[in-house]
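Q: predicted structure and sequence below. I'll ask about it afterward.
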Protein chains: 2
Amino acid sequence: MNDVLLEKLHWRYATKQFDPDKKIPAEDWSTLEEALILTPSSYGMQPWKFFVITNQELKESLVPASYKQVQVAECSHLLVIAVKTALKTEDVDKLIEATAKAQEKTVESLDFYKNLIIRDIIEGPRSKDIAGWAKLQSYIALGNFMTCAAMIGVDACPMEGFVPSMYDEALGLAEKGYTTAVLCPAGYRSGEDKYSASKKVRYSSGDLIEHIS
Amino acid sequence: MNDVLLEKLHWRYATKQFDPDKKIPAEDWSTLEEALILTPSSYGMQPWKFFVITNQELKESLVPASYKQVQVAECSHLLVIAVKTALKTEDVDKLIEATAKAQEKTVESLDFYKNLIIRDIIEGPRSKDIAGWAKLQSYIALGNFMTCAAMIGVDACPMEGFVPSMYDEALGLAEKGYTTAVLCPAGYRSGEDKYSASKKVRYSSGDLIEHIS
């Protein structure tokens, strides 16, 4: 598995040009959706919503909101990761109820855990910037997604270059209490994308890793 | 591969209790270090440094800086992801030079790309919060790391609960221009960790995913 993993991580790259005719098969996309859902998050709060856009008209209309990067239109599936802009006690209640149900416990037996979360993200210092905290979590999902996509041979292109307010507007996010955190068009590289052959640029292990043993 | 991937993602969990006697073999850790280095980042800036702490005394001394979470001491390898607190034109130059070298181009041929980066993260709006931007990137590394660890059967525990200033002090980060972003102890679950048998709590696909087709 070690060799396969590294081979896939070397194979992946930020796809600049997708083949618009190649669509991700339903089975593979379903795997990636399950992988997204399984992403770990702080306290297991899952403060996100994943928008999966395959509607061609909508994808094309989002090109201007993406600084003209055509990947959002030419990809097979445009993944938009949105995050909550605020959290309330009810959000914690929802998690506690889901936990009690999944683990066959009483809600009361989870009181300690519930209060811990409330003290931190509802009443504590993190409550001042929930969107920022949630955005950090969304990048875990992004990292997980890109690695999982590579593992099953799906190309992707992480994108921070977009106008959040335009995405929020197009997806009606503000009224739902979400904002756009990051994008990741997915699909298959075009045979004409010269970047697919570019050598990956990474600093050396000596530069990036420090061992204290 | 789809089934294996999902099986591994279901297998992983935030390990509460590591077996302190089980150490990650050098070959597996080396794979995870390479995976970390291969993590994608915005513009490929790699604004991070990965500290790998196996020194038992240091790991133990960091327990108080981690709100008494003993995973940092009982794990095999304590991964500390630190990020840059500021970026200068020289940092962009370094990337451009590395790109030119890796891709056998001239530095001048990359001027457009260089200026794009400078206008954004050195002079643009993102320059006002480089540590915040870099911290987002570090969560991609965290997500990638956790997924890769799971793929090769290594347990991990993502941790936001620590005092950054105490980690910065212990690792001498301030004078190097870095700050601690997030932790991820890695190793092997203890047979006594009751959480390893807990059912994973995730909201439904209907809750988390919205298709626009």
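A: The structure has been received and is ready for your questions.
Q: what about A:E34, helix or strand, and which?
A: Assessed by DSSP states H and E, A:E34 sits inside helix A:26-37.
Q: in chain A, spot the helix with the most residues.
A: helix A:130-151 (DSSP state H).
Q: strands along chain A, start to end?
A: Assigned by DSSP state E, chain A shows strands spanning A:48-53, A:77-84, A:155-156, A:178-187, A:209-212.
Q: what's the most buried one of these?
A: Comparing the strands of chain A by mean neighbour count (mean count of other CB atoms under 10 Å in any protein chain shown), strand A:155-156 ranks first with a mean of 28. Every residue, glycine included, has its C-beta placed from N, CA and C.
Q: isn't A:T106 up against A:T99?
A: No. At 10.7 Å, A:T106 and A:T99 do not qualify as touching, with contact defined as CB atoms under 8 Å.
Q: those two: which is more packed in?
A: Neighbours per residue, other CB atoms under 10 Å in any protein chain shown: of A:T106 and A:T99, the larger number sits with A:T99, 20 against 8.
Q: state the pLDDT value of the residue of chain A found nearest chain B.
A: Proximity of chain A to chain B (CB to the nearest CB) peaks at A:G143, 2.5 Å away. pLDDT for A:G143: 98.
Q: what about the residue lying closest to it once chain neighbours are set aside, distance to A:Q137?
A: Once flanking residues are discounted, A:G143 sits nearest to B:G143: 2.5 Å by CB to CB, 6 or more residues apart in numbering or on different chains. For B:G143, the distance to A:Q137 equals 9 Å [CB to CB, to the nearest Å].
Q: contacts for the helix holding A:E34 next, please.
A: Residues outside helix A:26-37 that contact it (CB atoms under 8 Å, 6 or more residues apart in numbering or on different chains): A:24, A:50, A:52, A:77, A:79, A:141, A:144-145, A:148-149, A:152-154, A:186, B:2, B:5-6, B:9, B:202-203, B:205, B:208-209.
Q: give the PyMOL command for selecting the buried subset of those.
A: Selection command for PyMOL covering only the buried members of the contacts of helix A:26-37, criterion 16 or more other CB atoms under 10 Å in any protein chain shown:
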select buried, (chain A and resi 24+50+52+77+79+141+144+145+148+149+152+154+186) or (chain B and resi 2+5+6+9+202+203+208+209)
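Q: for the closest residue to A:A98 other than its chain neighbours, list the residues it contacts.
A: Excluding its sequence neighbours, the residue lying closest to A:A98 (CB to CB, 6+ apart) is B:V201, at 5.3 Å. Residues near B:V201 by CB under 8 Å, 6+ apart: A:44, A:95, A:98-99, A:102-103.
Q: go on, A:M159?
A: A:66, A:69, A:71-72, A:182-185.
Q: then A:T180?
A: Contacts of A:T180 by CB under 8 Å, 6+ apart are A:80-82, A:162, A:164, A:167-168, A:171, A:173.
Q: hang on, the earlier thing: do I have it right that the residue nearest to A:G143 meets A:S138?
A: No. Applying CB under 8 Å, one finds B:G143 not in contact with A:S138, separated by 9.6 Å.
Q: okay, now the unreliable bits of chain A?
A: Along chain A, no part satisfies pLDDT under 70.
Q: what packs against the longest helix of chain A?
A: Helices and strands touching helix A:130-151, by 3 or more CB pairs under 8 Å, 6 or more residues apart in numbering or on different chains; DSSP states H and E, are helix A:2-11, helix A:26-37, strand A:48-53, strand A:77-84, strand A:155-156, strand A:178-187, helix B:2-11, helix B:130-151.
Q: send me the last one as PDB with only the CA atoms.
A: So the one you mean is helix B:130-151. The C-alpha trace of helix B:130-151 is given here as PDB (Å, rounded to 0.1, in the frame of the first residue of the first chain):
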ATOM      1  CA  ILE B 130      -0.400  35.200   6.600                       C
ATOM      2  CA  ALA B 131      -0.400  33.100   9.700                       C
ATOM      3  CA  GLY B 132      -4.200  32.600   9.100                       C
ATOM      4  CA  TRP B 133      -3.800  31.800   5.500                       C
ATOM      5  CA  ALA B 134      -0.900  29.400   6.200                       C
ATOM      6  CA  LYS B 135      -2.900  27.800   8.900                       C
ATOM      7  CA  LEU B 136      -5.600  26.900   6.400                       C
ATOM      8  CA  GLN B 137      -2.900  25.300   4.200                       C
ATOM      9  CA  SER B 138      -1.700  23.300   7.200                       C
ATOM     10  CA  TYR B 139      -5.100  21.800   7.600                       C
ATOM     11  CA  ILE B 140      -4.800  20.400   4.100                       C
ATOM     12  CA  ALA B 141      -1.600  18.700   5.300                       C
ATOM     13  CA  LEU B 142      -3.500  17.500   8.300                       C
ATOM     14  CA  GLY B 143      -6.300  16.000   6.200                       C
ATOM     15  CA  ASN B 144      -3.900  14.400   3.800                       C
ATOM     16  CA  PHE B 145      -1.800  13.000   6.700                       C
ATOM     17  CA  MET B 146      -4.800  11.500   8.500                       C
ATOM     18  CA  THR B 147      -6.100   9.800   5.300                       C
ATOM     19  CA  CYS B 148      -2.600   8.500   4.300                       C
ATOM     20  CA  ALA B 149      -2.000   7.200   7.900                       C
ATOM     21  CA  ALA B 150      -5.300   5.400   7.800                       C
ATOM     22  CA  MET B 151      -4.400   3.900   4.400                       C
END
